[in-house]
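Enquirer: below are the sequence and a predicted model; questions follow.
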Amino acid sequence: MNVDEVKQGERLRGIIEAARNALPEVRRNAETIEPIPDRKLPALLRQAREKLDWTRVPGLRPRPRKEENLLPVLIRRFSLFVLLPTAIVAVYLFVFASDQYIAEAQFAVRGNVEPMGDVNLGEFTSLIQKHNSQDSFIVRDFIHSQSMVELAEKELAVTKMFSRSEADFWARYNPPQPIEELTRYWRRHVEAQIDAISGVITLTARAFTPEDALAIAKQVVAKSEALINTISRRAQADMVEHALKDATEAQERLKKAHLAIQHYRNRWGIIDPIKSAEATLITMTSLRKDKFKAENDLQVLRGSNLNENSRGIQVLVANIAAIDHQMKQLQDQLTSETAGATGAPNMTQALLEYEGLLIERTIAEKLNESANTILDRARVSASKQQIYLATFVPPVIPTDSLYPRRGYGLIIAFFCFLVVWSSVSLVLAGIKDQRL
């Protein structure tokens, strides 16, 4: 017998001894338990069955329930969460909702631009000469802006129009409220849409009476036209101002060029150094001819075997020397760098400086001429209205109520309630399946 068998035998003997010791106690407890009457047994079993959660007891499942008919439940819930809200909306739309009238207008921002060539008219050139699509967006944003609402409130009292007694409790505007609330209400009743291809702006104004809708539409069109006229006048004024500034600068540059030439003539003592240089060259040519003639005469006299000390030869030699001296002086005036130190003008420097002044004067004259032309064209162009509002469908008084669209609104409400109820039902069913 090994050690394991000895330990197992000791364990069994311990269990048997413990059972023998506990048996008398169990008998005494059994003798003291009061038996349960037969009439109370069903009630105790039913109470225990209700308190026990059979789904949490391992290995046990609840007794299968009787399947319910889902069609009545589905109809009841559908009626409660879909048909009843739809009926409430229908009662509002067909009983309480007030008739609203829509006045419509169509207009476009157009440009009447005269071609002005490749000229610079400042930062507003592109605004005037390009397509006016940007101005259309400016008009649309102005119609929806708070500034437009303030103007309409000041001139038309739109607060009273939107809070008339004819309006129902849901669509009526309830004053007094901040201007921001009135602006939000205005954006729901006055809309401006832009056609992306043609640039046409379609304006719709909705009110509770035909007269109010017409008045609001006319006011919006008038203020939009005033805005476009203001933009046009500002662009014209800035265009003329920029052209006038360029013309003034060109005149000042031309004036400075003339003053520089005048100062040059006073400093050098030469009216026109180009003509002076030409006169000097003519003089040098004449002296060169005289020198050639004197040299020929001298060669003739020397060829006749005259004495070098004869009077005729001496006169010719002296004449040639005088001509060389004169030519040397004239040459120094034209090209020598030391001519200015001796008091005589240096024609090379004078010509170089004079030519620079002439070039500056020529440029200034061309710029002045171009600036004056641009100024004249800008003034002619400014006399015309470059950007204007063309209203080709003016607002007219509506005769029939187009809003609210009761049938369309009722169908939309029905489908919205149906989608919400279906979605919530699916979510709740999924959560219930997860619990099971």
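Expert: That came in fine, so what should we check first?

Enquirer: residues of the host helix or strand of Q134 that come out buried?
Expert: Per DSSP states H and E, Q134 falls inside helix 133-143. Buried positions in helix 133-143, judged by neighbour count with 16 or more other C-beta atoms under 10 Å: D135, S136, I138, V139, R140, F142, I143. The C-beta positions use only the backbone N, C-alpha and C, and glycine is treated the same way.

Enquirer: who's in contact with M284?
Expert: For M284, the contact set (C-beta atoms under 8 Å, 6 or more residues apart in numbering) comprises M327, L330, Q331.

Enquirer: so which of the buried residues of helix 133-143 is the closest to A382?
Expert: Ranked by distance to A382 (C-beta to C-beta), those are led by D135 at 17.7 Å.

Enquirer: report the separation between the closest one and H263.
Expert: Counting by C-beta to C-beta, to the nearest Å, the gap from D135 to H263 is 52 Å.

Enquirer: likewise for A152?
Expert: From A152 across to H263, the span is 66 Å (C-beta to C-beta).

Enquirer: same deal with Q8?
Expert: As judged by C-beta to C-beta, Q8 and H263 stand 135 Å apart.

Enquirer: contacts for stretch 294-307 next, please.
Expert: If you take C-beta under 8 Å, 6+ apart as the criterion, stretch 294-307 is touched by E308, S310, G312, I313, L316, V317, N319, I320, I323.

Enquirer: buried among the residues you listed? Make that a PyMOL selection.
Expert: Here is the PyMOL command that selects the buried residues among those (16+ other C-beta under 10 Å):
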select buried, resi 313+316+319+320+323
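
Enquirer: inside helices: which ones of the contacts of stretch 294-307?
Expert: Cross-referencing the contacts of stretch 294-307 against helices under DSSP state H gives G312, I313, L316, V317, N319, I320, I323.

Enquirer: distance to M148 and pLDDT added to those residues, as JSON lines?
Expert: Formatted as JSON lines, the ones in helices among the contacts of stretch 294-307 follow (distance: C-beta to C-beta, whole Å; pLDDT from 0 to 100):
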{"residue": "G312", "distance to M148": "110", "pLDDT": "74"}
{"residue": "I313", "distance to M148": "110", "pLDDT": "74"}
{"residue": "L316", "distance to M148": "104", "pLDDT": "77"}
{"residue": "V317", "distance to M148": "104", "pLDDT": "78"}
{"residue": "N319", "distance to M148": "100", "pLDDT": "81"}
{"residue": "I320", "distance to M148": "99", "pLDDT": "78"}
{"residue": "I323", "distance to M148": "94", "pLDDT": "77"}
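
Enquirer: can you pull the poorly scored residue ranges out of the stretch 301-436 of the chain?
Expert: In the predicted model of the stretch 301-436 of the chain, residues 306, 332-346, 384-386, 435-436 satisfy pLDDT under 70.

Enquirer: that one: strands as residue ranges?
Expert: 387-393 (DSSP state E, counting those that start in this stretch).

Enquirer: which residues are in contact with R267?
Expert: R267 sits next to no residue when contact means C-beta under 8 Å, 6+ apart.

Enquirer: please identify the helix or strand for it.
Expert: helix 210-268.

Enquirer: quick one: mean pLDDT for that helix?
Expert: Across helix 210-268, pLDDT averages out at 87.

Enquirer: quick one: distance of it to the chain centre.
Expert: With C-alpha atoms, centre = their mean, to the nearest Å as the basis, helix 210-268 stands 25 Å off its chain's centre.

Enquirer: nearest residue to the middle of the protein?
Expert: Nearest residue to the geometric centre of the chain (C-alpha atoms, centre = their mean): Q134, 9.3 Å.

Enquirer: measure K432 to F78 for me?
Expert: From K432 over to F78 the distance is 18 Å, taken as C-beta to C-beta.

Enquirer: those two - which one has more neighbours?
Expert: Using other C-beta atoms under 10 Å as the criterion, K432 and F78 rank with F78 on top: 16 against 9.

Enquirer: what's the longest strand in the protein?
Expert: Longest strand in the chain by number of residues (criterion: DSSP state E): strand 101-111.

Enquirer: give the pairing partners of that one; include direction for each.
Expert: Strands that pair with strand 101-111, judged by DSSP bridges, come out as strand 201-207 (antiparallel), strand 387-393 (antiparallel).

Enquirer: relative to helix 210-268, how tilted is that strand?
Expert: Counting by axes from the mean of the first three to the mean of the last three C-alpha atoms, to 10 degrees, strand 101-111 lies at 20 degrees to helix 210-268.

Enquirer: what mean pLDDT does strand 101-111 get?
Expert: Averaged across strand 101-111, pLDDT comes to 89.

Enquirer: now that strand - C-alpha only, PDB.
Expert: Provided in PDB are the C-alpha atoms of strand 101-111 (Å, rounded to 0.1, in the frame of the first residue of the first chain):
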ATOM      1  CA  TYR A 101     -49.800  85.100 -51.400                       C
ATOM      2  CA  ILE A 102     -46.500  85.100 -53.400                       C
ATOM      3  CA  ALA A 103     -45.400  88.000 -55.600                       C
ATOM      4  CA  GLU A 104     -42.700  87.100 -58.000                       C
ATOM      5  CA  ALA A 105     -40.200  89.300 -60.000                       C
ATOM      6  CA  GLN A 106     -37.300  88.500 -62.200                       C
ATOM      7  CA  PHE A 107     -34.300  90.800 -63.000                       C
ATOM      8  CA  ALA A 108     -30.700  90.600 -63.900                       C
ATOM      9  CA  VAL A 109     -27.600  92.700 -63.400                       C
ATOM     10  CA  ARG A 110     -26.400  93.900 -66.800                       C
ATOM     11  CA  GLY A 111     -23.400  96.000 -68.000                       C
END
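
Enquirer: report the buried residues of it.
Expert: Counting neighbours by 16+ other C-beta under 10 Å, strand 101-111 gives Y101, I102, A103, E104, A105, Q106, F107, A108, V109, R110, G111 as buried.

Enquirer: swap in stretch 206-219?
Expert: 206-210, 212-219.

Enquirer: switch these over to JSON lines; also include distance to H242.
Expert: As requested, the buried residues of stretch 206-219 are exported to JSON lines (distance: C-beta to C-beta, whole Å):
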{"residue": "R206", "distance to H242": "44"}
{"residue": "A207", "distance to H242": "45"}
{"residue": "F208", "distance to H242": "50"}
{"residue": "T209", "distance to H242": "49"}
{"residue": "P210", "distance to H242": "48"}
{"residue": "D212", "distance to H242": "45"}
{"residue": "A213", "distance to H242": "44"}
{"residue": "L214", "distance to H242": "42"}
{"residue": "A215", "distance to H242": "41"}
{"residue": "I216", "distance to H242": "39"}
{"residue": "A217", "distance to H242": "38"}
{"residue": "K218", "distance to H242": "36"}
{"residue": "Q219", "distance to H242": "35"}
